[in-house]
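**Student:** Here is the input, now give the coordinates:
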Amino acid sequence: MRNWTIFLYTLGILIFRQVQYGDESLGKKWINSSVENLQDASAQGDSFAQAFLGLLFAHGDKKLQLDPEKAFKLATMSSESGHWLGHFVLGLLYRSGPIGPDLSKVREYYLRSFQDSDGKMIKLAARKDPIASYALGEIFTSDELAPNILPDLKLAYRHYEVSAEEGFIPSAVQLALFKIHSLIPFEKNAADEIEKGISILKESISSEIPSAHHYLGRAFLEGIGQEKDLQMAFIHFQAAANKGYGESQLIIADFYGQGVIDSPKLDLAIRYAKLALKTDYKRAKEKLNKYEALRDENLSGVAMQNQPPLPSLPKVQEIPLPVPLVTEESSPDSYDSEMLPSSFSYPVKANLKTNESSSQVNGSSNATEPFVVKSSADLEEIKDKAKSHYWGRGVSNDYNIAFKLFMEASKVEDAESLRYLGLMYLTGKGVTKDTVGAINFFEKAASKGDTMAAKYLDKIRSISNN
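**Tutor:** Residues are numbered from 1 along each chain as shown. Here you go, the predicted model:
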C-alpha cells in the first residue's frame, strides 16, 4: 500500500506540471469521435471503445438515453478482455441500481482498474487523458477502497478538473458539485464558487446529460446560487427523468402526484414511479402504492376526469445479461418498462401555488425510517444509505439524512460512522460546525482502530499547536 501511495502522489506531481508523452490520448480521441464511430470500433472488439461507450450509456452522455443494461454488457466485454476501463465502468455501475448497489463489487473492480499490472490507467492519467483522469477522480472519492486507497478530495478535484478541461462532461458535472457544496477549500469565497458551479451545470446541459439537469433542478428547488423557482426545477427534473435518471423520476412523480406546479396528475405520477422502480425499487414502490391508492379512491376529483388521454409509449427492448439486474422482489413482472419520450411534457402554470418544503417534493422526509440497528446486516445497510446521501451517489446529496443515519449507526459504536460524524462536525455538513464535537467523535473512532480518524486527529492537533 505504501508503494502505491508514493506512486500515486508522484503521479499527481507529474500531472500538474503538465508532463506530456506523445500526441492525443485515447480518451480524448473517443470524446471527439461520433457515437457511430464508437459503435463500429466496439463491434470490432476494441476494448477501450467498448468500455467508453458503456460509460456514455451509464451517464447518458453524447445525447444517449441512460441505459445501465447496455453499459453493463459493453463493460463486461471490455473487462473480460482485461481492460482497465472495463473494470472501472463495472465498478461504477455497481454503485447503484439496477446493477447494484454492491459495494464489494465496487471495491473489487475499482482496485482491478487501479492496480492493473501494466499501470495503464496511471500512465494515461500522467498524459492528462480525460477518461483516466475521470476514473481516478471517482476512485479518490470512494471510501470502499481503504486501506489500499484512501479518499482524497483535493486530488479527486484536480483529476476532475483535468478531465473537464479536455471535454469530458461527467467530470464537469462533478467539478460543479465540488464548487456548489464547497467540498474542498477554494481561494475564492463560497458564493463565487457556487455561482461558478451553477454556470458549469448550465453549460453542461447543452450535451443533454441528465445529471446536469438533475442538479440544476435541485439548485432551483433549494435556491442554491439563484432564486428558488419550482417551475424551472420541474423543467430540469423532467429533462433528467425522461432520459432515465432515477432520482429525478422519483421527484417528478411527486411533482405530478402532489400538484406542485399544476393540478395533480396521478396517472403521470404513477408512470414516473414505475420508471423509478428499476433504479430504486423500495422508494419507488412506496410512491407507486401511494399514488395508485389515491387514484383508486378518486381523490383527484374533477381535475383527473378532465385529463387529456395519455400518449402511447414505446416499449424498451429487453437486453439479456450475464447476471440478474433486479431482485426477486422487483422482478420485471411487477412493473412495465415503458419509457416516456424525451419531448413529452405538460404545460405548467407560471404562478406557483404551493409552499411545500423540498423534503416533501424529493421524498426524503422518511429516508431515515424505519432504520434501526438490530443486526450486522442492518448496520451495513444504514451505513451504505448514509454514505450515499453524504456523497450524493444514486440519491440526492442530503447531509441531514446522512447525519441521522450515521448517528443511528454510531449507537453500536461503529468506527466508520463515528469518523464520518467527526468529519461532519468538523466541516459543518448537516450539523453546526463544532471542532470539540469533531474531536470527540474522531477519538472514539480512533480508539476502535479507525486509522483515518487518527489522521484527522493528528492534523487538528498539529494545527492547534501552530
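**Student:** low-scoring pLDDT stretches of this structure, where are they?
**Tutor:** 1-24, 298-374, 394, 462-466 (pLDDT under 70).
**Student:** again, only this time at 80
**Tutor:** 1-25, 117, 187-188, 297-378, 391-397, 459-466 (pLDDT under 80).
**Student:** Got the domain ranges for it?
**Tutor:** 2-180, 196-299, 376-465 (automatic domain parsing).
**Student:** so who does the residue nearest the centre of the chain touch?
**Tutor:** Nearest to the geometric centre of the chain sits Arg393, at 3.3 Å (CA atoms, centre = their mean). Contacts here follow CB atoms under 8 Å, 6 or more residues apart in numbering; on that basis Arg393 touches 95-96, 387. For glycine as for every other residue, the C-beta is placed from the backbone atoms N, C-alpha and C.
**Student:** on that earlier part again, so can I have a markdown table of the domains of the chain showing distance to Lys188?
**Tutor:** Below are the domains of the chain laid out as a markdown table (distance: least, CB to CB, whole Å):
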| stretch | distance to Lys188 |
| --- | --- |
| domain 2-180 | 9 |
| domain 196-299 | 8 |
| domain 376-465 | 18 |
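**Student:** which stretch among those comes nearest Phe186?
**Tutor:** Smallest distance to Phe186 across those (CB to CB): 7.1 Å, for domain 2-180.
**Student:** now that closest one, how far from the centre of its chain.
**Tutor:** 15 Å (CA atoms, centre = their mean, to the nearest Å).
**Student:** and what of stretch 205-225?
**Tutor:** On CA atoms, centre = their mean, the centre of stretch 205-225 falls 13 Å from the chain's centre.
**Student:** In that stretch, which residues are buried?
**Tutor:** Neighbour-count burial for stretch 205-225 flags 205, 207-221, 224-225 (criterion: 16 or more other CB atoms under 10 Å).
**Student:** Next: stretch 83-99.
**Tutor:** Within stretch 83-99, the residues that count as buried by 16+ other CB under 10 Å are 83-99.
**Student:** From Ser117, how far out is Ser206?
**Tutor:** Distance from Ser206 to Ser117, counting by CB to CB, to the nearest Å: 39 Å.
**Student:** if I've got this straight, Ile261 is in a strand?
**Tutor:** No. Counting by DSSP: H, G, I helix; E, B strand; the rest coil, Ile261 is not found in a strand; it is coil.
**Student:** That one is in contact with Leu230, isn't it?
**Tutor:** Yes. If you go by CB atoms under 8 Å, Ile261 and Leu230 touch, sitting 5.4 Å apart.
**Student:** In terms of neighbours, single out the busier of those two.
**Tutor:** Ranked by neighbour count (other CB atoms under 10 Å), Ile261 and Leu230 place Leu230 first, with 23 against 20.
**Student:** List the contacts of the closest residue to Val162 other than its chain neighbours.
**Tutor:** Closest residue to Val162 apart from its sequence neighbours, by CB to CB, 6 or more residues apart in numbering: Ser133 at 4.4 Å. Going by CB under 8 Å, 6+ apart, Ser133 touches 15, 27, 125, 159-160, 162-163, 166, 168, 171.
**Student:** residues of the helix or strand where Ala445 lies that come out buried?
**Tutor:** Take DSSP states H and E as the rule and Ala445 turns out to sit in helix 435-447. Across helix 435-447, burial judged by 16+ other CB under 10 Å covers 437-439, 441-446.
**Student:** want to try CSV for these, with distance to Lys383 as columns?
**Tutor:** Formatted as CSV, those follow (distance: CB to CB, whole Å):
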residue, distance to Lys383
Gly437, 20
Ala438, 19
Ile439, 22
Phe441, 15
Phe442, 17
Glu443, 20
Lys444, 16
Ala445, 13
Ala446, 18
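**Student:** from these, which single one is nearest His181?
**Tutor:** Lowest distance from His181 to those (CB to CB) belongs to Ala438, with 18.3 Å.
**Student:** Out of the contacts of Arg393, which comes closest to Lys63?
**Tutor:** Ser96 (21.8 Å).
**Student:** measure the closest one to Val106 for me?
**Tutor:** For Ser96, the distance to Val106 - CB to CB - is 10 Å.
**Student:** Equivalent analysis for Leu53, please.
**Tutor:** Distance from Leu53 to Val106, by CB to CB: 21 Å.
**Student:** re the thing from before, show only the entries of the buried residues of stretch 83-99 found in helices.
**Tutor:** Using DSSP state H, the members of the buried residues of stretch 83-99 that fall within helices are 84-93.
**Student:** TSV for the residues you listed, including distance to Ser410?
**Tutor:** Below are those laid out as TSV (distance: CB to CB, whole Å):
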residue	distance to Ser410
Trp84	37
Leu85	38
Gly86	38
His87	34
Phe88	32
Val89	34
Leu90	32
Gly91	28
Leu92	29
Leu93	30
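**Student:** Going by distance to Leu418, which of those wins?
**Tutor:** Using CB to CB, those come closest to Leu418 at Gly91, 26.6 Å.
**Student:** Spit out the contact partners of the closest one.
**Tutor:** 105-110, 113.
**Student:** try it again with 10 Å
**Tutor:** Neighbouring residues of Gly91 by CB atoms under 10 Å, 6 or more residues apart in numbering: 75, 79, 100, 102-103, 105-114, 135, 138-139, 142, 144-145.
**Student:** helix or strand for the residue nearest to Gln174 when sequence neighbours are not counted, which one?
**Tutor:** Counting by CB to CB, 6+ apart, Tyr160 is the residue found nearest to Gln174 once chain neighbours are left out, at 4.7 Å. Using DSSP H and E, Tyr160 sits within helix 153-165.
**Student:** mind saving the C-alpha coords of that helix as CSV?
**Tutor:** In CSV, the C-alpha atoms belonging to helix 153-165 read as follows (Å, rounded to 0.1, in the frame of the first residue of the first chain):
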residue,chain,number,x,y,z
LEU,A,153,-11.0,15.1,-2.3
LYS,A,154,-8.3,17.6,-3.3
LEU,A,155,-6.6,15.1,-5.6
ALA,A,156,-10.0,14.0,-6.9
TYR,A,157,-10.9,17.6,-7.7
ARG,A,158,-7.7,18.1,-9.7
HIS,A,159,-8.3,15.0,-11.7
TYR,A,160,-11.9,16.0,-12.5
GLU,A,161,-10.5,19.4,-13.5
VAL,A,162,-8.0,17.9,-15.9
SER,A,163,-10.8,15.7,-17.4
ALA,A,164,-13.3,18.5,-17.7
GLU,A,165,-10.7,20.8,-19.4
